[in-house]
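S.K.: predicted structure and sequence below. I'll ask about it afterward.
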Amino acid sequence: MATIFTRIIKGEIPSDIVYRDEQVTAFRDIEPQAPTHVLIVPNKEIATVNDVTPEDEQLVGHMFTVARLIAENEGVAESGYRLLVNCNRDANQEVFHLHMHLFGGRQLGPMLARR
Ligand code: 5GP
(Lines give C-alpha, C1' and ligand atoms only; values in the text may rest on other atoms or scores of the structure.)
Protein backbone atom coordinates (compact mmCIF):
# COMPACT_ATOMS: atom_id res chain seq x y z
CA MET A 1 0.00 0.00 0.00
CA ALA A 2 1.24 3.47 -0.88
CA THR A 3 2.42 5.67 1.97
CA ILE A 4 0.56 8.87 2.74
CA PHE A 5 3.54 10.78 1.34
CA THR A 6 3.41 8.85 -1.96
CA ARG A 7 -0.26 9.81 -2.18
CA ILE A 8 0.69 13.46 -1.58
CA ILE A 9 3.47 13.25 -4.21
CA LYS A 10 0.99 11.77 -6.72
CA GLY A 11 -1.50 14.56 -5.96
CA GLU A 12 -4.10 12.20 -4.51
CA ILE A 13 -4.03 14.11 -1.21
CA PRO A 14 -3.82 17.91 -1.21
CA SER A 15 -0.73 19.57 0.18
CA ASP A 16 1.20 22.82 -0.07
CA ILE A 17 4.08 21.78 -2.31
CA VAL A 18 7.04 24.17 -2.27
CA TYR A 19 9.45 22.22 -4.49
CA ARG A 20 9.32 19.24 -6.80
CA ASP A 21 11.69 17.51 -9.23
CA GLU A 22 12.17 13.98 -10.57
CA GLN A 23 13.81 12.81 -7.33
CA VAL A 24 12.18 14.65 -4.42
CA THR A 25 9.05 16.54 -3.42
CA ALA A 26 8.89 19.08 -0.58
CA PHE A 27 5.68 20.28 1.05
CA ARG A 28 4.63 22.10 4.21
CA ASP A 29 3.98 19.98 7.28
CA ILE A 30 0.27 19.76 8.13
CA GLU A 31 1.06 20.49 11.81
CA PRO A 32 3.89 23.02 11.61
CA GLN A 33 6.16 23.25 14.64
CA ALA A 34 7.93 26.42 13.44
CA PRO A 35 7.03 29.30 11.08
CA THR A 36 8.84 27.33 8.36
CA HIS A 37 8.28 23.57 8.59
CA VAL A 38 8.81 21.75 5.31
CA LEU A 39 9.16 18.01 4.66
CA ILE A 40 11.64 16.97 1.95
CA VAL A 41 10.63 13.53 0.70
CA PRO A 42 12.18 11.20 -1.90
CA ASN A 43 9.66 10.38 -4.64
CA LYS A 44 10.83 6.79 -4.22
CA GLU A 45 9.55 5.01 -1.10
CA ILE A 46 12.29 4.29 1.44
CA ALA A 47 10.77 3.40 4.82
CA THR A 48 13.48 4.57 7.24
CA VAL A 49 17.13 5.58 7.37
CA ASN A 50 17.79 1.90 8.12
CA ASP A 51 16.63 1.12 4.58
CA VAL A 52 18.97 3.58 2.83
CA THR A 53 21.50 1.78 0.62
CA PRO A 54 24.69 2.92 -1.13
CA GLU A 55 22.60 3.25 -4.31
CA ASP A 56 20.63 6.00 -2.55
CA GLU A 57 23.66 8.17 -1.79
CA GLN A 58 23.07 10.57 -4.68
CA LEU A 59 19.40 10.88 -3.74
CA VAL A 60 20.15 11.52 -0.06
CA GLY A 61 22.76 14.12 -1.00
CA HIS A 62 20.21 15.74 -3.28
CA MET A 63 17.84 16.10 -0.31
CA PHE A 64 20.44 18.41 1.27
CA THR A 65 20.83 20.48 -1.90
CA VAL A 66 17.05 20.90 -2.01
CA ALA A 67 17.00 21.78 1.71
CA ARG A 68 19.51 24.55 1.07
CA LEU A 69 17.42 25.90 -1.80
CA ILE A 70 14.20 25.83 0.25
CA ALA A 71 15.94 27.57 3.17
CA GLU A 72 16.95 30.35 0.79
CA ASN A 73 13.44 30.58 -0.69
CA GLU A 74 11.88 30.69 2.79
CA GLY A 75 14.27 33.44 3.88
CA VAL A 76 15.81 31.43 6.74
CA ALA A 77 19.22 30.60 5.25
CA GLU A 78 21.02 33.39 7.09
CA SER A 79 19.03 33.32 10.35
CA GLY A 80 19.41 29.54 10.53
CA TYR A 81 17.39 26.39 10.40
CA ARG A 82 17.37 22.78 11.54
CA LEU A 83 17.26 19.61 9.42
CA LEU A 84 15.98 16.52 11.20
CA VAL A 85 15.30 12.90 10.23
CA ASN A 86 13.51 10.59 12.67
CA CYS A 87 14.09 6.84 12.58
CA ASN A 88 11.79 4.33 14.24
CA ARG A 89 10.28 4.16 17.69
CA ASP A 90 12.65 6.04 19.95
CA ALA A 91 12.65 8.99 17.55
CA ASN A 92 8.83 8.98 17.27
CA GLN A 93 8.87 8.38 13.51
CA GLU A 94 5.22 8.57 12.43
CA VAL A 95 5.36 8.23 8.65
CA PHE A 96 7.40 5.33 7.29
CA HIS A 97 8.51 7.07 4.13
CA LEU A 98 11.92 8.72 4.54
CA HIS A 99 11.68 12.48 5.01
CA MET A 100 13.81 15.36 6.19
CA HIS A 101 12.16 18.07 8.30
CA LEU A 102 13.31 21.65 7.68
CA PHE A 103 12.47 23.93 10.63
CA GLY A 104 13.17 27.67 10.71
CA GLY A 105 11.82 31.15 11.28
CA ARG A 106 12.28 31.24 15.06
CA GLN A 107 14.91 30.42 17.65
CA LEU A 108 14.67 26.64 17.74
CA GLY A 109 16.13 26.05 21.19
CA PRO A 110 18.15 23.04 22.27
CA MET A 111 18.52 20.13 19.91
CA LEU A 112 16.66 17.67 22.17
CA ALA A 113 13.98 18.14 24.81
CA ARG A 114 15.38 17.71 28.31
CA ARG A 115 14.15 14.55 30.00
P1 5GP B 1 7.86 11.99 11.60
O2 5GP B 1 7.43 11.97 13.04
O3 5GP B 1 7.50 10.71 10.89
O4 5GP B 1 9.31 12.36 11.43
O5 5GP B 1 7.05 13.18 10.94
C6 5GP B 1 5.92 13.01 10.16
C7 5GP B 1 5.39 14.39 9.86
O8 5GP B 1 4.43 14.29 8.83
C9 5GP B 1 4.69 15.05 11.06
O10 5GP B 1 5.33 16.28 11.38
C11 5GP B 1 3.25 15.26 10.57
O12 5GP B 1 2.68 16.46 11.02
C13 5GP B 1 3.41 15.21 9.06
N14 5GP B 1 2.25 14.73 8.34
C15 5GP B 1 1.53 13.60 8.63
N16 5GP B 1 0.53 13.45 7.77
C17 5GP B 1 0.59 14.52 6.91
C18 5GP B 1 -0.21 14.92 5.79
O19 5GP B 1 -1.18 14.27 5.40
N20 5GP B 1 0.17 16.05 5.16
C21 5GP B 1 1.25 16.79 5.56
N22 5GP B 1 1.52 17.91 4.84
N23 5GP B 1 2.02 16.44 6.61
C24 5GP B 1 1.68 15.31 7.28
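M.R.: Arrived safely.

S.K.: for the top strand by length along the chain, name the packing helices and strands.
M.R.: Of all the elements of type strand in the chain, the one with the most residues (DSSP state E) is strand 36-42. Here strand 36-42 touches helix 4-9, strand 24-28, helix 57-74, strand 100-104, going by 3 or more C-beta pairs under 8 Å, 6 or more residues apart in numbering; DSSP states H and E. (Glycine included, C-beta is placed from N, CA and C.)

S.K.: mind checking the SS state of residue 79?
M.R.: coil (DSSP: H, G, I helix; E, B strand; the rest coil).

S.K.: wait, doesn't it sit right on residue 104?
M.R.: Yes: between residue 79 and residue 104 there is a contact under C-beta atoms under 8 Å: 6.9 Å.

S.K.: looking at those two, which is more packed in?
M.R.: With neighbours defined as other C-beta atoms under 10 Å, residue 79 and residue 104 compare such that residue 104 has more, 21 against 13.

S.K.: quick one, what contacts that one?
M.R.: Contact partners of residue 104, counting by C-beta atoms under 8 Å, 6 or more residues apart in numbering, are 34, 35, 36, 71, 74, 76, 79, 80, 81, 82.
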